[in-house]
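**Student:** Next come a sequence and a model predicted from it.
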Amino acid sequence: ETEVAKGAVPALKTEGDISQISVMPVFVKGVKFGWPYPTIKTPQRQMANVILSALDNSLHCIVESPTGTGKSAAILCSTLAWQRKHYERTGDVIKIFYTSRTHSQVAQMVASLRKTAYRPRMAVLGSRQKLCIHEDLMGKTDIMSGCRTR
């Protein structure tokens, strides 16, 4: 079901994507995606397979795996490749939302995304506490109440 293609680097034709980054073309469930590492590990293939099955069937998917198993790359590459294939097939633009409990997890995902050839339009949203621009509130412990009074 899953195989790694041998040969040339794929031409990623989506606006903003970087085709000149050296990526290994990987095929999972008929979806070709650029893999940013020399090999794809078994847990990463398994995650991509489950993610793509969920996307094909309009289902939710929860991925749980120990630290260091390559969740970020598997999630990003398979999801973004599926999004592009879906657009080519149907013309429908599918939006992807990635949520995280902590800001450090968001930063890790953005760092992982930069290692790939994919460059989707994105916005990182955060809390008032992390993104407050009012100098008189910066460094205060109760930013939330200060923002509410403005």
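**Tutor:** Ah, there it is.

**Student:** so the residue nearest the centre of the chain is in which element?
**Tutor:** A centroid search over the chain (C-alpha atoms, centre = their mean) returns Leu76, at 3.0 Å, as the residue closest to the centre. For Leu76, the enclosing helix or strand under DSSP states H and E is helix 71-90.

**Student:** again, but for Cys61
**Tutor:** When secondary structure is defined by DSSP H and E, Cys61 falls outside every helix and strand.

**Student:** need the strands for the protein, in chain order.
**Tutor:** The residue ranges that make up the strands of the chain, judged by DSSP state E, are 2-4, 24-28, 31-35.

**Student:** And those strands: which comes nearest Ser100?
**Tutor:** For those, proximity to Ser100 was assessed by C-beta to C-beta; strand 31-35 is nearest, at 21.8 Å. C-betas here are computed from N, CA, C, even on glycine.

**Student:** Pull the distance from the closest one to the chain's centre.
**Tutor:** In this view, strand 31-35 has its centroid 13 Å away from the chain centroid, taken as C-alpha atoms, centre = their mean, to the nearest Å.

**Student:** Please consider this matter closed, and thank you.
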